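Undergrad: Sequence first, predicted coordinates after that:
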Amino acid sequence: MRTMRSALFVIGLLTSIVLLTGCGKPREGITLAGSTAFQPFAEKLADHYMAAHPDVAITIQGGGSALGIQSALSGAAQIGMADLVKLPKEADALKSIVVARDGIAVVVNPANTLTGLTLEQVRGIFAGTIRNWNEVGGADHTIAVISREAGSGTRSSFEQIIGGVTLTADALIQDSNGTIRETVANDANAVGYLSHGLINEKIKPVTVDGFSCGEQDIQSGDYKLVRPVFLVYRSDARPACQAFLDYLLTAEAQDLLHQNGLIRAN
Amino acid sequence: MKFNSETAVKGVLTVVAFSALASLLLIAVFIFKEGFPFMLKVGISDFLFSSTWNPQAGQYGIYPMIVASLYVTLGAMLIGAPLGVAGAIFLNEFVPPPVMRVIKPTIELLAGIPSVVFGFLGVMVLAPFIREHFGGPGLSLLAAAVILGIMVLPTVISISSDAIGAVPNSYREGALALGATRWQSVHMVTVKAARSGIIASIILAMGRALGETMAVIMVAGNTVKVPHAVTDPVRTLTANIALEMANATGMAREALFATGVVLFVVIMILNSIARATLKRRGANK
């Protein structure tokens, strides 16, 4: 009987804890889901927004561009993040804004002496017709092509821009921008591509057709590997959600994106 | 009162026992329901035996992944089983018991290391080593097999060692009394008597190697291609599901469930083969 009573006591205690923590000021919740490339930027923006608006709680989830659109459609997230050259058909039911533009950098290991490729060469390397670095003016080593998984927004944008190639069957597949970076940083003969905001000193971006994946050449339209970052949302979005979307297009938010390596939306 | 609590406990335990069974059944039914119609749509032989995997273009061939899963598991067993069994024999027969009481829990700690840590070591240490000394991109079948071989060690060692420890001392004494050397008594008597436990440990380890996902994604390179050398990168069935799950919609999503069906069937086949072998050996005794 004694154990019974103490068990009841514990259950009661736990219940009251659950009930009590539920109390407090209600916070308006906004969930963003989708592109893993835009995720770190969205987190920064959300932190800033929440600092100014303590009554709003913003959650950022990854999952990929396709999932972002799916979640916005199903209502699992209020805002979907998709970095694609063009939104797919199923997103027609949703409203969308372009929050930023993002360059896709072709990156190699810093040990690689190569500094530039032509778009034609990039296409050849990823299609598997160019297999050795000496064919594009590098050292005599087999090229290790690193790509993203099928369905990735970065991959589909990249393939569309370089011209509808079928990726070589020999390509190594990594499932995020971060692991692409690690793999290229670890392999002297590797080539990969990733969002240009995520370039660091461990990898080296190369120029494409003589233009670098930097702000100037992206703004001028000379650097071709650029895609917009879409935010999609349902037309019946709540006011708090709309307010956050409006904030993202303000000069303050755009400056923040710009400082962190993205290109302004307009 | 006593009678009531007896039946109550019995009832509760029955429900708990069946809930494990029920969840297994639910998982099986769900995977088959999602995946099997897709296999019929694409054609079972096309799905299983064609080599092009490109869900965006409507090509769903998982043959390279089936081969890769089997090779990686086989490789892990070739590395993990001999090492693990040898380790278990050494611990039980050649190490003084107080030392063993320290070493065995330490080895079992190895089982608690998360697979992502093994994967990380593989990417940072093993892959560059393979790239430098054996060629290829480093992330490879060999790297996956070695990492998995190490990951299954605690399973093999601890179960084998329990089995060897359970062999009655009178067996060993009998062998020694007949003039056998220590090694003869170990490999002709003790290991033979513990055989079923040792095989069970290898079956369990095989299940773990086949099902491991995180570490494999990190070190195997994930290329969808039938490997021709151990230094070639491969993608296993589990890696395929985990890699593309996030972005898959529609047919591509169904294709991943169908991959799950195949994995399920492969595991059942391997398990039944192992069980059948175990039974036959038991009958031969």
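TA: Yep, it's here.
Undergrad: Please tell me the pLDDT value assigned to the residue in the stretch 51-200 of chain B that chain A sits nearest to.
TA: In the stretch 51-200 of chain B, the residue that lies nearest chain A is residue B:137 (4.6 Å; C-beta to the nearest C-beta). (Each C-beta comes from the backbone N, C-alpha and C, glycine too.) Note on residue B:137: pLDDT of 86.
Undergrad: Flag the shaky bits of chain B, pLDDT-wise.
TA: Filtered on pLDDT under 70, chain B yields the residue ranges B:1-3, B:280-285.
Undergrad: make it 80
TA: B:1-3, B:56, B:246-250, B:274-285 (pLDDT under 80).
Undergrad: how about the residues of it that lie near chain A?
TA: B:52-57, B:123-124, B:127-128, B:131, B:137-139, B:217-218, B:221-225, B:233, B:235, B:242-244, B:246-249, B:252 (C-beta under 8 Å from any C-beta of the partner chain).
Undergrad: Turn the buried ones among these into a named PyMOL selection, would you?
TA: To isolate the buried members of these in PyMOL, using 16 or more other C-beta atoms under 10 Å in any protein chain shown:
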select buried, chain B and resi 53+55+123+127+128+131+137+138+139+217+218+221+222+223+224+225+233+235+242+243+244+246+247+248+249+252
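Undergrad: In strands, which of the residues of chain B next to chain A appear?
TA: Within the residues of chain B next to chain A, residues falling in strands by DSSP state E are B:53, B:54.
Undergrad: Check the stretch 151-266 of chain A for the residue nearest chain B and tell me.
TA: For the stretch 151-266 of chain A, C-beta to the nearest C-beta, closest residue to chain B: residue A:151, 2.9 Å.
Undergrad: Now name the helix or strand holding that residue.
TA: Per DSSP states H and E: residue A:151 is located in neither a helix nor a strand.
Undergrad: pretty sure it is touching residue B:56, no?
TA: Yes. Using C-beta atoms under 8 Å, residue A:151 makes contact with residue B:56 at a distance of 7.2 Å.
Undergrad: which neighbours do the two share?
TA: residue B:252 (C-beta atoms under 8 Å, 6 or more residues apart in numbering or on different chains).
Undergrad: what ranges do the strands span in the stretch 101-250 of chain A?
TA: Applying DSSP state E, counting those that start in this stretch to the stretch 101-250 of chain A gives strands spanning A:116-117, A:144-148, A:172-174, A:190-195, A:204-205, A:207-208, A:226-233.
Undergrad: quick one, phi psi at residue A:79?
TA: Backbone torsions for residue A:79, taken as degrees, to the nearest 10, come to phi -130, psi 130.
Undergrad: and the stretch 51-200 of chain A, which residues reach chain B?
TA: So far as C-beta under 8 Å from any C-beta goes, the stretch 51-200 of chain A lies against chain B at A:62-67, A:70, A:144, A:149-153, A:156, A:166, A:169-175, A:179, A:182-183, A:186-187, A:189-190.
Undergrad: okay, now the domains of chain A?
TA: A:28-101+A:228-264, A:103-226 (automatic domain parsing).
Undergrad: Using TSV, please lay out these together with mean pLDDT and mean neighbour count.
TA: TSV is the format used below for the domains of chain A (pLDDT from 0 to 100; neighbours: other C-beta atoms under 10 Å in any protein chain shown):
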stretch	mean pLDDT	mean neighbour count
domain A:28-101+A:228-264	87	19
domain A:103-226	88	19
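Undergrad: so can I have CSV of the ones you listed showing distance to residue B:79?
TA: Shown next, in CSV, are the domains of chain A (distance: least, C-beta to C-beta, whole Å):
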stretch, distance to residue B:79
domain A:28-101+A:228-264, 34
domain A:103-226, 23
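Undergrad: residues touching the residue of the stretch 51-200 of chain B closest to chain A, list them.
TA: A:144, A:172, A:187, A:189, A:190, B:131, B:221, B:231, B:233.
Undergrad: cool, and residue A:226?
TA: By C-beta under 8 Å, 6+ apart, the neighbours of residue A:226 are A:101, A:102, A:103, A:104, A:161, A:218, A:263.
Undergrad: For the residue nearest the centre of chain A, give its distance to chain B.
TA: With distances taken as C-alpha atoms, centre = their mean, residue A:37 lies nearest the centre of chain A, 1.3 Å away. Per C-beta to the nearest C-beta, to the nearest Å, residue A:37 is found 13 Å from chain B.
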